[in-house]
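Asker: Need a 3D model of the following:
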Amino acid sequence: LGAAAGRTLACRGGAQDSEPVLWALREAVRGDGPDAPTLWPLVDGAGRLGIACAVPVLRHIYRETASSHLRGHAARALAVTDPSFAAGFAVECLWDCEESTREVAARHAETGDTRVVDQLRRLAADPAEEAEVQTAVRARIGPDATAL
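Answerer: I've put the predicted structure just below:
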């Protein structure tokens, strides 16, 4: 019952519900592992509610899940909750197999590293890349991909 309440609060609750959502997130990972289907609303809720204390758990899920889709959800939550996301996981996400994860990375990755700049340019120039990713990249580096 507590886990179901945590998932409901993750989807519908407010900032005052951060503690039970964090508890449910931790319990789901401890009890069912980083691929549990119950994690999806909890990961999204941690991001939606901006639960900074969830960062270690979100990083664990990002690293350990076998689901590329759940990894993308964890990346979106980390983008909101983890102050080091831009210099850390966002850089890694630029090479992810999921376009929505690459899009998050394109919006957040720090451009001080030449690998990041080169990858952003590749994504902008790739005719097979998803339009949302290219839009995110171009918003950062300009339409001609030379602004960096």
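Asker: Can you read off the pLDDT for the residue positioned nearest the centre of the chain?
Answerer: Taking Cα atoms, centre = their mean as the criterion, residue 75 is the residue nearest the geometric centre of the chain, at 1.4 Å. Confidence at residue 75, expressed as pLDDT, is 98.
Asker: Same question for residue 2.
Answerer: 78.
Asker: which regions of the chain sit below the pLDDT cut-off?
Answerer: 142-148 (pLDDT under 70).
Asker: Let me see the ranges of the strands in it.
Answerer: Under the criterion DSSP state E, the chain carries no strands.
Asker: From residue 91, how far out is the residue nearest to the centre of the chain?
Answerer: Separation of residue 75 from residue 91 (Cβ to Cβ, to the nearest Å): 11 Å. Every C-beta, even on glycine, is put in place using the N, C-alpha and C of the backbone.
Asker: joint contacts of the two?
Answerer: Both residue 75 and residue 91 are in contact with residue 105, where contact means Cβ atoms under 8 Å, 6 or more residues apart in numbering.
Asker: burial measure for residue 111, as a count.
Answerer: For residue 111, the count of nearby residues is 14 (other Cβ atoms under 10 Å).
Asker: same question but for residue 55, I mixed them up
Answerer: Residue 55, neighbours per other Cβ under 10 Å, totals 17.
Asker: In contact with it, which residues?
Answerer: Neighbouring residues of residue 55 by Cβ under 8 Å, 6+ apart: 78, 81, 82.
Asker: returning to that earlier point: list the contacts of the residue nearest to the centre of the chain.
Answerer: Counted by Cβ under 8 Å, 6+ apart, residue 75 has contacts 62, 85, 89, 90, 93, 96, 101, 104, 105.
Asker: Spatially nearest residue to residue 93, not counting backbone neighbours?
Answerer: Closest residue to residue 93 apart from its sequence neighbours, by Cβ to Cβ, 6 or more residues apart in numbering: residue 105 at 3.5 Å.
Asker: From residue 92, how far off is the one you found?
Answerer: 8 Å.
Asker: Those two - which one has more neighbours?
Answerer: Shown here are residue 105 and residue 92; by other Cβ under 10 Å, residue 105 has more neighbours (29 against 14).
Asker: Highest neighbour count among the contacts of residue 55?
Answerer: With neighbours taken as other Cβ under 10 Å, the top of the contacts of residue 55 is residue 78, carrying 27 neighbours.
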